[in-house]
Every structure is written in structure tokens, then in C-alpha cells.
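J.: Quick one, what's the 3D model for this:
(chains A, B and C)
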Amino acid sequence: MDRFVIRGQKRSYNDGAAEDVLRASKKVKLDPGNDNEGIKEEEADEDADFAEFSHPVPWHKVEAEGLDCDYALLFPKEEADHLFKKLEEEVVYLTGDEAKVQVFGKVYNVPRKQATYGDEGLIYTYSGVKHLARRWTPTLEYILDAVSKTTGHTFNFVLVNRYKDGQDHMGEHRDDERELDPVSPIASVSLGAARDFIFRHRDTRGKYSSRNIEPVKLKLAHGSLLLMNTPTNTHWYHSLPARKKVLMPRINLTFRRILMDSKK
DNA sequence: GAAACATCATTGGG
DNA sequence: ACCCAATGATGTTT
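T.: As a prediction, the model looks like this:
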């Protein structure tokens, strides 16, 4: 299977036909089995959308007030299958105290598995606990490379979250840690079981919310890439809700740019 | 009708 | 001021 060789291989969507594929697929439904409001089917400025990326894949703009995301299928199924398997072999998840979180005085296991990888010396803070990033594995480096080429952005860190089935989930939060580069997008790669992903505007939370803005609901497919651009993460919370009918695992990689010498 | 889902209030130490 | 997860209540959807 040499086409999965790490680095230096031509990607299947990068061949001569890519431009035609790109033109042909103006509108891809993210959630064909579900006719809901999930994605706004905007297709006004395809050219503008694609122009900013050096590595053309068919992007789909997801927009709302203060929300700006781009969604694309980055890896074809075969390759996504392979990458998932390799990550299952390579990724070392946090255990023990590092896999626990304290909420209202009680200690819980986080309802998923987490790992942090990145450039040497990078530290990620989750819920008050600092985690030293492990060195990149070959597969993570390969995916990092694909994401960088596709988005035109560089990243020096990835948070890996593994959801063993639909019971595993992540509560509503923002990725607005102080150590993150505020102008850099966050790139979220999904492998394995497709899961619902929900954005909620911060001003719609709670009983006496000041605004009435519809949530933005996506289904993150196997092999997909969701780019969350600024200022999405300052105005919108997101969550990965439990879905009891999902029986298979999902691995999510969120690539970030962490400021190295953050003198605050 | 039952199960799943959605939303809110409640719980506090760091 | 905010974050993090579970639980119970209540309402809605499938």
C-alpha cells in the first residue's frame, strides 16, 4: 500500500482532474439522511472560497453571525480508513489523573480519551491541568502535512480526542485558551464514526438569553476537515453531544497554533 | 408509547 | 468571571 507512504506522495485529489471535480461539486449535502437545517447551502463565491487555499479541495462555507467555517472532505475513504487504523496503533492517550476532571468538587473521568502532540516543549492546558505535548507520530505528521498544504496555514500542536462510541462526548465549550494564536484557525480532522457537532452562539445560552440565534448543526464525516476561522471561537460555543445509536469509535484531531514564547 | 434528544438549573474548587 | 461533567426535571422529536 505504498500510496500511504508518509510524506512525499501525490494525493489523489491533487491530480489533474481536481479542478473539474471542484467545479462540478458546487453543493454537497453534509447530511443527506437528514433534511434539517444543518448547513446553509451557500454557493455564491466558489472562486473566492477556493482561491485562498493553495491545495484545492471542494470547500463548503459555513457562516452565521460571527461564525466562519470551511468544511471539506480531505481524505477519501480508503485513506481515511488507513489513517484511522494507524492512529489506533500509534496514539498514546492520557491516563490516570491526567484523564480526570474535577467539576463542582467531584472528580470524573473525562467522557472520551485525550492526547496531545506537537513541537518540542509545547504545553497545553485543559481545565487547569498542563499537558506536555508528545513528539509527532509519523501518521500525525502526515495528516499535519496534508492539513497545512490544504489550508495554507501552519500548526504546531494537535489535540487528539477519541470517542469510543456514541456515549463518549464533549460538553459545550470554546477553544479560546490564552496560549492559542488568536488569528490562526483551528483545523479539525475527523476519522471513524460520523458525529453530530453543534455550534451555539454565546448570547443564546441560559434562560434569559439576550438573542435568538439558531444553532448551527453539522455532521462531521469520516475523512473530513472543518476549519474554524476567527472569530468563530470567541462568539460560538461548540459541543459533540452523545448519540446513543453510534456504536463505532471516532478520532478527532484539532490542529492549533500555540504561541511559543507567550509572555503574558 | 417509548426512547432519544434538547434545554435548563443545579452542584465548587481552581 | 469562567470552566468542566453529571444528574434530574421538563418538554419535544422520532
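
J.: Around DNA strand C, which positions in the stretch 51-200 of chain A sit nearby?
T.: A:101-104, A:108-111, A:126-127, A:169-171, A:173-174, A:176 (Cβ under 7 Å from any atom of the strand). Where C-beta positions appear, they are placed from N, C-alpha and C, glycine not excepted.

J.: out of the residues you listed, which is most surrounded?
T.: The residue in those with the most neighbours, by other Cβ atoms under 10 Å, is residue A:170 (19 neighbours).

J.: number of nearby residues for the closest residue in space to it that isn't next to it in sequence?
T.: Closest residue to residue A:170 apart from its sequence neighbours, by Cβ to Cβ, 6 or more residues apart in numbering: residue A:240 at 4.5 Å. Other residues near residue A:240 come to 21 when the count uses other Cβ under 10 Å.

J.: What strand or helix carries the residue of the stretch 101-250 of chain A found nearest DNA strand B?
T.: Closest contact between the stretch 101-250 of chain A and DNA strand B, by Cβ to the nearest atom of the strand, is at residue A:207 (2.6 Å). For residue A:207, there is no enclosing helix or strand under DSSP states H and E.

J.: Check the residues of the stretch 51-200 of chain A next to DNA strand C and tell me the two furthest apart.
T.: Spatial extent of those (Cβ to Cβ) is set by the pair A:109 and A:176 at 24.5 Å.

J.: Up against DNA strand B, what does the stretch 151-264 of chain A have?
T.: A:166, A:196, A:198, A:200, A:204-209, A:215, A:241-245.

J.: For residue A:185, state which of the residues of the stretch 51-200 of chain A next to DNA strand C is nearest.
T.: Nearest member of those to residue A:185, counting by Cβ to Cβ, is residue A:176, at 13.1 Å.

J.: Wait, the closest one touches residue A:235, no?
T.: No: here residue A:176 lies out of contact with residue A:235, judged by Cβ atoms under 8 Å, at a distance of 10.0 Å.

J.: quick one: average confidence on stretch A:117-133?
T.: Average pLDDT, stretch A:117-133: 87.

J.: Does it reach DNA strand B?
T.: Yes: Stretch A:117-133 is in contact with DNA strand B by Cβ under 7 Å from any atom of the strand, via residue A:128.

J.: for that stretch, how far is the first residue from the last?
T.: 4 Å (Cα to Cα, to the nearest Å).

J.: can you check stretch A:115-134 too?
T.: 8 Å.

J.: again with stretch A:98-111
T.: 13 Å.
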